[in-house]
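Participant: Predicted model and sequence below, questions to follow.
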Amino acid sequence: MTHHHAVQIDPWFSAIAFLALASALLVYPLLAVWSSRRYRKWPLHRYVFWSVGVITGGAAVVGPLAQLSHSNFTAHMVGHLLLGMLAPLLILYGKPVALLLRSVPRNWALTMSRFLHSPFVSFVGHPMTAALLNVGGLYILYRTNVFIWMHQSIVVYALIHLHISFAAYLFTMSILYVDVTARRYSFLFRALVLIGAFAGHKILAKSLYVVPPAGVDAHDAQKAALIMYYGGDMIDLAIIILLFFGWYKATAPGRISRAA
């Protein structure tokens, strides 16, 4: 049995997480409909991206998969792919920051804009910083005793999942400029950072196959590592395609005009 010191998810944590997810699913369309009265109609596909992203990430913290992940490392890794890779990509294409900026009063929007241009946001939103927070955080989780602590304390469990979700979203946002972004870096630089982050993720997956985290059965760890490695490939490929398609769109008009 994996996670020898695992504890069950407290009911209060499940209740709070469920309420937060339900609120996210409710508030987003309300803001979109309300702001559409003053501005251009909010596209329907943004609703879909946001809703599917929230539900996808929520499955990793509430419900059967979340409960099973306490005693099964393979289930835990499926949750990691959902919460730390797929959900951030979907939510990003819901453009929540742009929606919030056009929904709040003008003075609030100006305050938010100043914050987005602050040195702190510029630092944590830098592609290299975001990659370190995202992939580096996974090394700390799986290669130290933090993984054991996470299954012994619901507070640590909650903090770890918050970090994974926010760090993954921050990294995805720093690579794909879909939503409002204060500072933009070149496609080449972001592509190089992306390659490094993907390499770090794959090296970690291979290391988990050989040396499981403390308290995890070797066979379970191998299955989980394969899911992390190959399952991550599909999401990685989607990010690569989206980045290079954006690169093509940004440069093709110039080539066409020069050729003309």
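Facilitator: Right, received. Where do you want to start? Numbers count the residues shown, from 1 in each chain.
Participant: alpha carbons only for contacts and neighbour counts from here, please
Facilitator: Will do.
Participant: Using just helix, strand and coil, how would you label Gln152?
Facilitator: Counting by DSSP: H, G, I helix; E, B strand; the rest coil, the backbone at Gln152 sits in coil.
Participant: Could you give the number of residues near it?
Facilitator: 18 (other CA atoms under 10 Å).
Participant: can you offset everything so residue one is 31?
Facilitator: In the new count, where the first residue is 31, that last one comes out as Gln182.
Participant: Need the pLDDT of it.
Facilitator: For Gln182, the pLDDT comes out at 83.
Participant: cool, and Gly88?
Facilitator: At Gly88, pLDDT is 93.
Participant: Mind giving me the packing neighbours of the longest helix along the chain?
Facilitator: Counting by DSSP state H, the longest helix found in the chain is helix 262-289. With contacts taken as 3 or more CA pairs under 8 Å, 6 or more residues apart in numbering; DSSP states H and E, helix 262-289 sits against helix 217-240.
Participant: continuing past the helix it packs on, what's the next helix or strand?
Facilitator: Following helix 217-240 in sequence order, the next helix or strand is helix 248-256 (DSSP states H and E).
Participant: quick one: average pLDDT of the longest helix of the chain?
Facilitator: Throughout helix 262-289, pLDDT has a mean value of 79.
Participant: Any buried residues in that helix, and which?
Facilitator: When burial is assessed from 16 or more other CA atoms under 10 Å, helix 262-289 yields the following buried residues: Gly262, Ile265, Asp266, Ile269, Ile270, Leu273, Gly276.
Participant: For the fourth one, list the residues it contacts.
Facilitator: So that's Ile269. Leu206 (CA atoms under 8 Å, 6 or more residues apart in numbering).
Participant: repeat that for 10 Å
Facilitator: Shown in contact with Ile269 (CA atoms under 10 Å, 6 or more residues apart in numbering): Met115, Leu116, Leu119, Thr202, Ile205, Leu206, Leu224, Asp263, Phe275.
Participant: Can you select the buried ones from the residues you listed in ChimeraX?
Facilitator: Buried subset of these, written as a ChimeraX selection, criterion 16+ other CA under 10 Å:
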select :115,116,119,202,205,206,224
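Participant: Make TSV out of the contacts of Ile269 and add distance to His147.
Facilitator: Formatted as TSV, the contacts of Ile269 follow (distance: CA to CA, whole Å):
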residue	distance to His147
Met115	26
Leu116	27
Leu119	23
Thr202	18
Ile205	17
Leu206	18
Leu224	23
Asp263	33
Phe275	27
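Participant: So which of the contacts of Ile269 is the closest to Leu168?
Facilitator: Met115 (12.2 Å; CA to CA).
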